[in-house]
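> model the following, please.
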Amino acid sequence: MGNNLKTALLLGLMTGLFILGGDLIAGQEGMVAALVMAAMMNLGAYFFSDKLALAAYRAQPVSERQLPEVYAIMRGLVERNRLIMPRIYLIPSQSPNAFATGRSPQNAVVAVTQGLLQMLDRDELEGVLAHELAHVQNRDILIQSIAATVAGALTMLARMFYFTGGRRGGSRSALGPLGGMLFLLLAPLAAMLVQMAISRAREFEADATGARLAGSPYGLARALEKLERGATQIPMHNANPATAHMMIVSPLRGDGLMSLFRTHPPTRDRIERLIGHAPQSMWE
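Presented below is the predicted three-dimensional model:
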């Protein structure tokens, strides 16, 4: 299944859960109220998420004189592919990583860490920058904002059920006490899992688009292998779960049940999709 189709189906599933839950719990008025409240919250996050993310990681704007190689590579990518030049920021961290933010190509920012610049060669750096440009071109910030809006609305509906006792128009919810309690517990979890699945689908799509923008998948594939090792060896101590999905590799580590909540696909799978096989050196 294509990543764009998968994203559309996941968004449709989340929206369907919201409509069903809203109708069963609070009727049309409660459903609309929760959606409006969640939309307002996420609208604010959509317009200010770039500033919040850059501030959280202490990223600072850098000039072409300060990072000439990054600017040269980025300028080549945008000129070859007829894109808009993003602003470049530097994150003062030795943990190798990067992210893109901004609600449109006109106000996009690509931020890279000091550790990433020290670890990667020119082709690998081009692959990473192309991946981040792909997020901007694919409007992933907008897609994630829509997913967050619906997920937030589902969570609000579950809370409304708790505070109203599951009453709909003066009568008990059609879910019943046990069904209502299950919805209260499971709806936010389901929304979170679907949101994570959308994020993973967007990473695959950004990898594929980035490889096309760079003209080759091999630089990005080698970069992902290095970044996965580097992020494990040098953790990003100020990593925030709310912004982890923005990074090219997850700054959060975890196995077992934690893998359900990963915002990124396994790096091995990403490399295998890019070049047709996974590098054995990662798991020897």
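> all contacts plus neighbour counts: C-alpha atoms, from now on.
Will do.
> where's the residue nearest to Asp140 when sequence neighbours are not counted, which helix or strand?
Nearest residue to Asp140, sequence neighbours excluded (Cα to Cα, 6 or more residues apart in numbering): Arg202, at 6.9 Å. Assigned by DSSP states H and E, Arg202 belongs to helix 176-214.
> show me what that helix is packed against.
helix 3-56, helix 68-81, helix 122-137, helix 140-164, helix 218-233, helix 267-275 (3 or more Cα pairs under 8 Å, 6 or more residues apart in numbering; DSSP states H and E).
> per-residue confidence at the residue nearest to Asp140?
According to the prediction, Arg202 has pLDDT 91.
> neighbours around it, how many?
27 (other Cα atoms under 10 Å).
> quick one: low-confidence parts of the stretch 151-284 of the chain?
Within the stretch 151-284 of the chain, the ranges that satisfy pLDDT under 70 run 152-153, 157-184, 187, 242, 253-261, 278-284.
> and if we set it to 90?
Filtered on pLDDT under 90, the stretch 151-284 of the chain yields the residue ranges 151-199, 201, 237-246, 252-263, 276-284.
> find the centremost residue of this structure, please.
Centroid check for the chain by Cα atoms, centre = their mean gives His245 as the closest residue, at 3.5 Å.
> mind checking how far the closest residue to that one other than its chain neighbours is from Asn107?
With sequence-adjacent residues excluded and distances taken as Cα to Cα, 6+ apart, His245 is closest to Thr263, at 5.2 Å. In this view, Thr263 and Asn107 are 24 Å apart by Cα to Cα, to the nearest Å.
> so between these two, which is more surrounded?
Thr263 (26 against 14).
> burial measure for the residue nearest to Asn238 when sequence neighbours are not counted, as a count.
Of all residues not flanking Asn238 in the chain, Tyr57 sits nearest, at 6.9 Å (Cα to Cα, 6+ apart). Tyr57: 20 surrounding residues under other Cα under 10 Å.
> again, but for Glu64
Under the neighbour criterion other Cα under 10 Å, Glu64 is assigned a count of 11.
> ok, now which ones touch it?
Counting by Cα atoms under 8 Å, 6 or more residues apart in numbering, Glu64 touches 70-71.
> on that earlier part again, so the residue nearest to the centre of the chain, which of the three states?
Three-state call for His245 (DSSP: H, G, I helix; E, B strand; the rest coil): helix.
> what sits against Val136?
100-102, 104-105, 108.
> let's see 6 Å
By Cα atoms under 6 Å, 6 or more residues apart in numbering, the contact list for Val136 reads Pro105.
> quick one: pLDDT of it?
Val136 is assigned a predicted lDDT (pLDDT) of 92.
> ok, so what distance separates it from Met156?
Val136 sits 30 Å away from Met156, going by Cα to Cα.
> can I assume Gly210 is in contact with Glu132?
No. Assessed by Cα atoms under 6 Å, Gly210 is found out of contact with Glu132, at 7.4 Å.
> more neighbours, these two?
Neighbours of Gly210 and Glu132, each counted by other Cα under 10 Å, are more numerous for Glu132; the result is 29 against 26.
> for the residue nearest to the more buried one when sequence neighbours are not counted, give the beta-bridge partners.
What sits nearest to Glu132 in space, not counting adjacent residues and going by Cα to Cα, 6+ apart, is Ala100, at 5.4 Å. Beta-bridge pairing for Ala100 (DSSP bridges): Val110.
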